[in-house]
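Enquirer: Build the 3D model from these lines:
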Amino acid sequence: MSKMSAALRVIQRAAGLGTLLLALAGCESSSSTTALPIERLPLPENPASAVELVSDVLVRERLHELTVKSAAMERELPLRVLLPTGYDPASPTRYPVLYMMHGCCNGTNGYTTYTQNHPVEALTENLPIILVMPEGGAGGLYSDWYNNGLGGTPRWETFHIHELLHFIEQNYRVRRDRDGRMLMGISMGGHGSFAYASKYPHLFGSASAMSPVVDTNTLIARGVLDGGSALDSGPPGSVWGPRESEEIRWRGHNSWDLAENLSNTALWIRTGNGYTAGRPVPTDSFEYAVHEAATNMHNQLDRYGIPHSFVDYGQGTHTAPFWSAGIAILLPQQLALAQQPKPLPRRFTYLSIDTVFSVYDWQVRIERTVLEFARLGEVSEAGFSLAGSGQAMVRTAGWYQPGRDYRVITDGQATTLRSDVEGRLEIPVNLGPSRTIQQYRPGSEAGFLRTVAIQIEALP
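Expert: Sure, this is the predicted structure:
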């Protein structure tokens, strides 16, 4: 029995035949306590200590296979690291690093697909770049699983973002600026690449996605994606909960909904349409399904005026040859941008469903009773806006003169605040009463309940 046939049977049993199509769109073939937001998870003072190296095996010249023990995942996990030719750990040279996210349906061997199915070793033989290829589960969807309200493992997002990045940066000669960190993903990994880029734009300077599941709001996706969790022995509702009652969790991990966060990130999307020459109907349901999601993301980025590369190459299937061609095109383009680092942006907008979040060194904490979106908008040195509900405290980045007084105008009311020794201001924002029904549930008000604009002016 092939891997794909086994995957089909598992998903069919868990989700029913009618929910199959988009689960397959996330596949890369080989030929009751609410979980805390990521930012509030108790992590060690040194996050790298949460990952313990178990073994390091040289597979081929430059290619290492590591086994690490993860505190977040509560088990050992494999990953592969491809080093540049002539890599010297004692050299002062630091290399850009590309995190490569794999597709679904590969059991526990997804991390091997880039080196087994694609010529990444040949492509990087003379390039100054380090490739990191972590495991992400057969159907893990690059998320900390909700587990129908129980929380717990798997915590893929915490492992990748809060543990693995620190481990790589402490053990390899990699750059530690956002332009020096890049993301690439195929299929389900395309979802992971864009989801991580949109949730952590301050960490990654670029993201590329091939045949990606980058919009989970499509009609097919609504009834399907939970079926993929069956590949990792999870019942429906495991990843983000039932769509009918936990839509906000789905949207909070969906790059289409978080598109505004990507305004300062270099982006590439490549997709085919599932058709082959001479056939009047799609011959590849995988690619046909993800084509809709990829096109939706392209249109959403256009809506916000966010520059990006979108290549719809038409006839094409959900298979390795198309992705190998894409890797050969995208990898040098991402590397070229990484070699031209830029300052952190001084203008941005950021959406999140977390009550505590940070982005570009700005920090927001909100006290509210239900899960919903908050929007930190139009941020600049002259001020910002905050939308949502509840009581918030915004701590700015250190953009201001330390120890200086500033006039802060909120809803026409002016107060004087003094910046701290780091040049930060702490600004309370009243967004009104907390929403009482979780956003998107029946009976909940649509959109943001209140938007407050804040102006910041230096006093003489």
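
Enquirer: so what's the residue nearest in space to the middle of the chain up against?
Expert: The chain has Tyr196 as the residue nearest its centroid, 1.4 Å off, counting by C-alpha atoms, centre = their mean. Counting by C-beta atoms under 8 Å, 6 or more residues apart in numbering, Tyr196 touches 99, 101, 142, 157, 160-161, 183, 203-204, 207. For glycine as for every other residue, the C-beta is placed from the backbone atoms N, C-alpha and C.

Enquirer: Which of these fall within strands?
Expert: In this view, the contacts of Tyr196 that belong to strands under DSSP state E are 99, 101, 183, 207.

Enquirer: Identify the bridge partners of Met184.
Expert: Beta-bridge partners of Met184, counted by DSSP bridges, are Met100, Ser208.

Enquirer: Name the SS class of Gly447, please.
Expert: coil (DSSP: H, G, I helix; E, B strand; the rest coil).

Enquirer: Likewise for Leu267?
Expert: Classification of Leu267 using three-state DSSP returns strand.

Enquirer: The nearest residue to it once chain neighbours are set aside - how many residues pack around it?
Expert: Excluding the flanking residues, the one nearest Leu267 by C-beta to C-beta, 6 or more residues apart in numbering is His308, at 3.8 Å. His308: 17 surrounding residues under other C-beta atoms under 10 Å.

Enquirer: hang on, the earlier thing: just to be sure, the residue nearest to the centre of the chain is in a helix?
Expert: Yes - counting by three-state DSSP, Tyr196 is found in a helix.

Enquirer: what about it, distance to Thr93?
Expert: Tyr196 sits 26 Å away from Thr93, going by C-beta to C-beta, to the nearest Å.

Enquirer: Could you list the low-pLDDT ranges of the stretch 1-150 of the chain?
Expert: Counting by pLDDT under 70, the stretch 1-150 of the chain contains low-confidence ranges at 1-49.

Enquirer: Helices along that one, start to end?
Expert: 3-15, 20-25, 113-117, 120-123 (DSSP state H, counting those that start in this stretch).

Enquirer: try the stretch 201-350 of the chain
Expert: With DSSP H, counting those that start in this stretch as the criterion, the stretch 201-350 of the chain has helices at 219-222, 247-252, 285-303, 320-338.

Enquirer: Any idea how far the second one is from the middle of the chain?
Expert: Helix 247-252 sits 14 Å away from the centroid of its parent chain (C-alpha atoms, centre = their mean, to the nearest Å).

Enquirer: And the first one, by the same measure?
Expert: Between the mean C-alpha point of helix 219-222 and the mean C-alpha point of its chain there is a distance of 20 Å (C-alpha atoms, centre = their mean).

Enquirer: can I get the CA coordinates of that helix in PDB?
Expert: Extracted C-alpha coordinates of helix 219-222, given in PDB (Å, rounded to 0.1, in the frame of the first residue of the first chain):
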ATOM      1  CA  LEU A 219     -15.800  26.200   1.100                       C
ATOM      2  CA  ILE A 220     -13.800  23.000   0.600                       C
ATOM      3  CA  ALA A 221     -11.400  23.900   3.400                       C
ATOM      4  CA  ARG A 222     -14.200  24.500   5.900                       C
END
